[in-house]
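*Asks:* Let me see the structure of the following:
(chains A and B)
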Amino acid sequence: MAFRNTSARAKLLAALLIVTFTVLLPRRPDVLYLIPATVLVLLWPLCRMPLVYAVRRLFVAEFFILGIAFLALVAPASTPIFLSTLLKSNLCVFTMLLLTWTTPFQDVLQELRRLRFPPVMLTTLALMYRYLPVLAEESRRMSRARASRTFSRRRFAAWQNLSLIIGQLFVRSADRAERIYLAMCARGWK
Amino acid sequence: MRTAVEIRELSYRYPQNGRLALDQLSFSVAEDECIGLLGPNGAGKSTLLLHLNGLLPERFRATPNVWIAGEPVGPKNLEPVRQRVGLLFQDPDDQLISATVFEDVAFGPRQLGVQGAILNSLVEQCLAQVGLSGFGDRQAHRLSHGEKRRVCLAGVLACKPSVLVLDEPTSDLDPRGRREFKALLQTLPGAKIIATHDLELVADLCSRVVILDEGKLVAEGPTVKLLSNEELMLAHGLEKPHSLLHRHPHGPAA
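*Replies:* Next up is the predicted model:
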């Protein structure tokens, strides 16, 4: 696959360059936005990232992007800022999708380490990558267990269940974080 | 034989609710001895194990209550204590923190300053010891439960501990996994403290057991003698293991 063999450093630096350029664009819809958009559209077929893969992940990110963009609408005359936030965020997320599709996460971390990123940030990223599947599995188990004891088809009950699961997941994650910390200390972590 | 672990009048109260978790516990473990720590849920077994590694109490008292190889566990010697006492946690997902098997086994030795070719060979040696040669590049979240537990054990062994402390090492393992893990534990040298509900494991591996209930030490003695005492076992949420129920009349004496 194209770019799979390109060095992780080159891909990471290119991605950071695109993100930095996009973030520094004016806070209104502008023709300059076409520059990163064109670069990404040209890179996409070369990376052979499937459309469904990209759309699914963008869809998940969209909730957070919209949440932040809507905050801009509170201020007067803010439509340009709202639109530029939408554009910038989507372009940046898409850049990261291309990077993660072509580069194993471990390689990204290794390169960040070589570029002397703060160790605390790298540890956080590494732990996040390790524990996301664990949390996903835990939420799946909880939601299955809830569903097995849910006898109502009312939408309100479903939302209520979801909120309970999210709450429980937070509590369990905090407990797990405590246990992980103890396990790290047991092996000499300072 | 020298003492590997010594516990004297150890008490601990949970800071969250003030409940007494450990109440004046005293016992010791000799080098190369394997003891079983038994008791019902909530008896204080896991809390006791955290004390052996210096993870509890949150604030150390002026007089120590735990000694490892003759050295008191205190704030000044936590690093050597944690190197000497290898703690295997109940849930392997808590302990397996790195994305790949190699990185996880290397986690402890790296803290001890081991690097380069020595680190690579140490990791490979520990993986071979737990029967997972060539697993270094595997993703941690793709492993089976039994494999995760073995990787955790390899990560503990990589720190070259003299005391192994195992919290429910066979829980969630299928019978084959349990059998293999038991055989693996039998090959490991050094003192071992196994907190478990798996009484068959205790009957096979441990020469002595310590029974806790509500934070108190209620019985201590030779494994077969204590596990055969049905009254004692039932009084503390345990039961006589099958292997002792069906023991041959001309076999080893109870």
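*Asks:* C-alpha from now on. contacts and neighbour counts both.
*Replies:* OK.
*Asks:* pLDDT below threshold where in chain A?
*Replies:* Filtered on pLDDT under 70, chain A yields the residue ranges A:1-2, A:4, A:150-152.
*Asks:* can you list the residues of chain A near chain B?
*Replies:* Where chain A comes near chain B, counting by C-alpha under 8 Å from any C-alpha of the partner chain, the residues are A:106, A:126-127, A:129-131, A:133-134, A:176, A:179-180, A:182-189.
*Asks:* rerun that using 6 Å as the cut-off
*Replies:* A:130, A:180, A:183, A:186-188 (C-alpha under 6 Å from any C-alpha of the partner chain).
*Asks:* Show me the residue sitting in the middle of the chain in space.
*Replies:* Assuming you mean chain A. Centroid-nearest residue in chain A: A:A61, 6.5 Å away (criterion: C-alpha atoms, centre = their mean).
*Asks:* my bad, chain B
*Replies:* Nearest to chain B centroid, counting by C-alpha atoms, centre = their mean: B:L166, 1.8 Å.
*Asks:* could you dump the helix or strand that residue falls within to CSV, C-alpha only?
*Replies:* Taking DSSP states H and E as the criterion, B:L166 maps to strand B:163-167. Taking C-alpha atoms only, strand B:163-167 is exported to CSV below (Å, rounded to 0.1, in the frame of the first residue of the first chain):
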residue,chain,number,x,y,z
VAL,B,163,9.1,-13.3,46.5
LEU,B,164,6.1,-13.9,44.2
VAL,B,165,2.7,-12.6,45.4
LEU,B,166,-0.2,-13.8,43.4
ASP,B,167,-3.8,-12.5,43.7
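*Asks:* That strand vs chain A: in contact?
*Replies:* No - Strand B:163-167 stays clear of chain A (C-alpha under 6 Å from any C-alpha), getting no nearer than 10.9 Å.
*Asks:* helices or strands next to that strand in the packing?
*Replies:* Counting contacts by 3 or more C-alpha pairs under 6 Å, 6 or more residues apart in numbering or on different chains; DSSP states H and E, strand B:163-167 is packed against strand B:85-88, strand B:191-195.
*Asks:* Neighbours of A:N161, how many?
*Replies:* 17 (other C-alpha atoms under 10 Å in any protein chain shown).
*Asks:* Please read the previous query as pertaining to B:I68.
*Replies:* By other C-alpha under 10 Å, neighbour count at B:I68 equals 23.
*Asks:* show me the contacts for it.
*Replies:* For B:I68, the residues meeting the contact criterion (C-alpha atoms under 6 Å, 6 or more residues apart in numbering or on different chains) are B:4-5.
*Asks:* Quick check: beta-bridge partners of it?
*Replies:* B:V5, B:E71 (DSSP bridges).
*Asks:* what does B:A191 give?
*Replies:* With DSSP bridges as the rule, B:A191 is bridged to B:V163.
*Asks:* I'd assumed B:D32 was in contact with it.
*Replies:* Yes - applying C-alpha atoms under 6 Å as the test, B:A191 and B:D32 come out as touching, 4.3 Å apart.
*Asks:* and the two? which has more neighbours close in?
*Replies:* B:A191 (21 against 17).
*Asks:* so where is chain B shaky, pLDDT-wise?
*Replies:* Those would be B:246-254, if you go by pLDDT under 70 across chain B.
*Asks:* What parts of it come near chain A?
*Replies:* Checking chain B against chain A by C-alpha under 6 Å from any C-alpha, the hits are B:82, B:94-95, B:99, B:108, B:111.
*Asks:* so which of the helices and strands packed on strand B:163-167 is the most packed in?
*Replies:* Mean neighbours per residue, mean count of other C-alpha atoms under 10 Å in any protein chain shown, is largest over the helices and strands packed on strand B:163-167 for strand B:85-88, with a mean of 28.
*Asks:* so how far is the helix or strand following that one off the chain centroid?
*Replies:* Moving toward the C-terminus from strand B:85-88, the next helix or strand (DSSP H and E) is helix B:92-95. With C-alpha atoms, centre = their mean, to the nearest Å as the basis, helix B:92-95 stands 14 Å off its chain's centre.
*Asks:* I'd like to check what contacts helix B:92-95. Which residues are they?
*Replies:* By C-alpha under 6 Å, 6+ apart, helix B:92-95 touches A:180, A:183, B:148-149.
*Asks:* Now the buried members of the residues of chain B next to chain A.
*Replies:* Buried residues within the residues of chain B next to chain A, counting neighbours by 16 or more other C-alpha atoms under 10 Å in any protein chain shown: B:82, B:94-95, B:99, B:108, B:111.
*Asks:* I'd like the next helix or strand past the helix or strand hosting the residue nearest to the centre of chain A.
*Replies:* According to DSSP H and E, A:A61 maps onto helix A:51-72. Scanning forward in sequence from helix A:51-72 by DSSP H and E, the next helix or strand is helix A:79-102.
*Asks:* quick one, that next one and helix A:51-72 angle?
*Replies:* Per axes from the mean of the first three to the mean of the last three C-alpha atoms, to 10 degrees, the angle that helix A:79-102 makes with helix A:51-72 is 150 degrees.
*Asks:* Which elements pack onto helix A:79-102?
*Replies:* Partner elements for helix A:79-102 (3+ C-alpha pairs under 6 Å, 6+ apart): helix A:51-72.
*Asks:* Just list what the helix it packs on packs against, helices and strands only.
*Replies:* helix A:79-102.
*Asks:* Now do the buried residues in the helix it packs on.
*Replies:* A:79-99, A:101-102.
*Asks:* what's the most distant pair in the residues of chain B next to chain A?
*Replies:* Pairwise distances across the residues of chain B next to chain A (C-alpha to C-alpha) peak at 23.0 Å, for the pair B:R82 and B:A99.
*Asks:* Which phi and psi values does residue 154 adopt?
*Replies:* You didn't pick a chain, so chain A it is. phi -70, psi 140 (degrees, to the nearest 10).
*Asks:* not what I meant, chain B
*Replies:* phi -60, psi -40.
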